[in-house]
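Novice: Quick one, fold the following:
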Amino acid sequence: MARRLPFPPLDKETHLPGYIEDRWIKKKRDPITGKRERTARYGKGKRYKVAGIPGIRDRSFDTLEDAKAWLRRAATDEERGEFVDPRDGSMTLADYIATHWAPGRGGAPRTQQNQERHARLHIVPHLGELPLRNITAADLRVYVAKLEATVSSANYRRDILSELSSILEAAVDDKRLARNPMRAKSVRWPKAPRERREAWPLETALRVRDEISPRNRISVVLGLGCGLRQGEVFGLSPEDIDYARGVIHIRRQVQTIKGKLYFTLPKGAKTRVVDMPSSVAEELKRHVEAFPPVEVELPWGKPEAGQRRKVSLLLTTRFGNAVAANTWNTYTWKPALAAAGIIPPRPHDAKPWQWEAAPKDGFHVLRHTYASILLEAGESVVTVARWLGHSSPAITLGYYAHFMPEAGSKGRTAIDGLLGRQGDRDASRNSPDSPQG
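Specialist: Residues are numbered from 1 along each chain as shown. All right, here's what the predicted structure looks like:
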């Protein structure tokens, strides 16, 4: 049996867990000579092994001094809950992502898809081969500079860095890192840009409404007249429409991942109720009469979900299927944009999916136009935020404050009215003709 060396206590009251084992010399003495004999490992590998610390793997050292020093630090850090076994950090970042991060990743399917894309395209190619414990603030500063040179969107760069920070934070939780290097002060994240949403003039939106195919006209009406997102339009059922109260219940959306359609809750897993103007109600009635709703069955929550739901959908393809956003954008939306003069006609030598349109002219612009119309008309920001499904009116203000050119004018008018009346009374009292003058 290898020899175990007792390690002295830290102080008079606290004894360290664990022990140091000499793997070259046997613990028991020879009964005849009284000497400790060599083990079969003598002269091979590192001599001293630290073992017996709960929750910590054994580790070997060449010298007894190194073993003692490591045992002392390990036991102290374990007591504080700060210990990290260095060998746990020898795993590369790519292996950690594949083995430990990706399998436990949560969130909505679309969120998971974005996280996977961030790691595959932007994190693993640059940092994947580094062992976790070797990722330093200096490496991350260089990495941030590379992102600035290759990724134009500051928001997208922040998304990538946030993903990387979450991965490293999980490694800290798993005791593979002592600290998250993304939190170093010298690692500077891109500043979040002030986001302003751009709207179409109402005339432009109406041209698209009139140019799009009759079956799909209702999508423009709902985006422009109620601020619905594209997936919410595709997931709307006649059962969600309350004509008596003049409201629409937003209860689901249709999403697509890798070509597979499924129902899921609206963005942020939040249902909501939006106002339905009478003009929108009339359009809905005409649409239902011309294009009767079709019952569609899809998975619920994620594409591969076992649970499926049947929903009568207001808008379907001419074959009675749920609408896939990418296909719809290519074959329905872009032709309408071209017919309305917003984008050039598709080149004769280009395939439909090669037909480019600026992101600012995507379906979501109808939602921005809806918000701009309401705010310019003086509608309450709190009300607009509720109809749009924003978690806070502050988000609505951040996006759409530039659509409120008259913001503050009512307050100025009220103050001027108060001070003006008070000023008139003061002037009257101080007049030489007044009784007090």
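
Novice: and the spatially most central residue of the chain, what element?
Specialist: In the chain, the residue lying closest to the centroid (CA atoms, centre = their mean) is Thr111, at 6.2 Å. Thr111 belongs to helix 109-118 when assigned by DSSP states H and E.

Novice: Check Ile248 too.
Specialist: strand 247-250.

Novice: List the strands paired with that strand, with their directions.
Specialist: Paired strands of strand 247-250, with direction, are strand 241-242 (antiparallel), strand 272-275 (antiparallel) (DSSP bridges).

Novice: how about those, which one is nearest Val144?
Specialist: strand 272-275 (37.4 Å; CB to CB). (Glycine included, C-beta is placed from N, CA and C.)

Novice: Name the residues that touch the closest one?
Specialist: Residues from elsewhere that reach strand 272-275, judged by CB atoms under 8 Å, 6 or more residues apart in numbering: Cys226, Gly227, Leu228, Gly246, Val247, Ile248, His249, Ile250, Pro266, Arg386, Trp387, Gly389.

Novice: So which of those is surrounded by the most neighbours?
Specialist: In terms of neighbour count, Leu228 stands highest of the contacts of strand 272-275 at 28 neighbours, by other CB atoms under 10 Å.

Novice: wouldn't that one be in contact with Arg251 here?
Specialist: No: the pair Leu228 and Arg251 does not pass the contact test of CB atoms under 8 Å, sitting 11.8 Å apart.

Novice: rewinding a little: what separation is there between the residue nearest to the centre of the chain and Ala199?
Specialist: If you measure Thr111 against Ala199 using CB to CB, to the nearest Å, the figure is 27 Å.

Novice: same check, this time on Asn155
Specialist: As it turns out, when the distance is counted by CB to CB, Asn155 lies 19 Å from Ala199.

Novice: ditto for Gly52
Specialist: For Gly52, the distance to Ala199 under the criterion CB to CB works out to 68 Å.

Novice: With Trp353 instead?
Specialist: The spacing between Trp353 and Ala199, counted by CB to CB, is 27 Å.

Novice: quick one: which of those two has more around it?
Specialist: Ala199 (22 against 12).

Novice: distance between the longest strand along the chain and the chain's centre?
Specialist: Ranked by residue count under DSSP state E, the longest strand found in the chain is strand 19-29. For strand 19-29, the gap between its own C-alpha mean and the chain's C-alpha mean amounts to 54 Å (CA atoms, centre = their mean, to the nearest Å).

Novice: Which positions in it come out as buried?
Specialist: For strand 19-29, the neighbour count (16 or more other CB atoms under 10 Å) marks Tyr19, Ile20, Glu21, Asp22, Arg23, Trp24, Ile25, Lys26 as buried.

Novice: Leu71 and Ile20 touch, don't they?
Specialist: Yes: using CB under 8 Å, Leu71 and Ile20 qualify as a contacting pair, with a distance of 6.4 Å.

Novice: And the strands paired with strand 247-250: which comes nearest Thr150?
Specialist: strand 272-275 (37.9 Å).

Novice: Give me the contacts around the following helix or strand past the closest one.
Specialist: Per DSSP H and E, strand 272-275 leads on to helix 278-290 as the next helix or strand towards the C-terminus. Helix 278-290 is contacted from outside by 214, 217-218, 221-222, 225-226, 238, 241, 243, 246, 276, 314, using CB under 8 Å, 6+ apart.

Novice: Repeat the analysis, applying 6 Å as the threshold.
Specialist: Applying CB atoms under 6 Å, 6 or more residues apart in numbering, the set of residues contacting helix 278-290 from outside is Ile218, Val221, Gly225, Tyr243.

Novice: Spit out the contact partners of the second one.
Specialist: Val221 sits next to Val280, Glu283 when contact means CB under 6 Å, 6+ apart.

Novice: Asp361 now?
Specialist: With contacts taken as CB under 6 Å, 6+ apart, Asp361 has the following neighbours: Leu337, Ile342.

Novice: now Asn216
Specialist: For Asn216, the contact set (CB under 6 Å, 6+ apart) comprises Thr332.

Novice: Am I right that it is in a helix?
Specialist: Yes: Asn216 forms part of a helix when assessed by DSSP: H, G, I helix; E, B strand; the rest coil.

Novice: mind checking pLDDT for it?
Specialist: pLDDT recorded at Asn216 is 97.

Novice: Next, count neighbours for Asn326.
Specialist: The burial count assigned to Asn326 is 10, neighbours taken as other CB under 10 Å.

Novice: between the helix or strand where Glu169 lies and helix 109-118, how many degrees?
Specialist: With elements taken from DSSP H and E, the one containing Glu169 is helix 154-173. Relative orientation of helix 154-173 and helix 109-118, computed by axes from the mean of the first three to the mean of the last three CA atoms, to 10 degrees: 90 degrees.

Novice: Can you name the next helix or strand after helix 154-173?
Specialist: Elements were assigned by DSSP H and E; along the chain past helix 154-173, the next helix or strand is helix 202-211.

Novice: Who are the packing partners of that next one?
Specialist: In terms of contacts (3 or more CB pairs under 6 Å, 6 or more residues apart in numbering; DSSP states H and E), helix 202-211 is packed against helix 217-226, helix 334-339.

Novice: Show me which residues of the longest one are buried.
Specialist: The one in question is helix 217-226. Judged by neighbour count using 16+ other CB under 10 Å, the buried positions of helix 217-226 are Arg217, Ile218, Ser219, Val220, Val221, Leu222, Gly223, Leu224, Gly225, Cys226.

Novice: and which of these is nearest to Gly45?
Specialist: For Gly45, the closest of those turns out to be Gly223, at 69.7 Å, with distances computed as CB to CB.

Novice: nearest residue to the closest one other than its sequence neighbours?
Specialist: Counting by CB to CB, 6 or more residues apart in numbering, the nearest residue to Gly223 once its immediate chain neighbours are dropped is Leu366, at 3.2 Å.

Novice: What is the neighbour count of that neighbour?
Specialist: A total of 27 residues lie near Leu366 under the criterion other CB under 10 Å.
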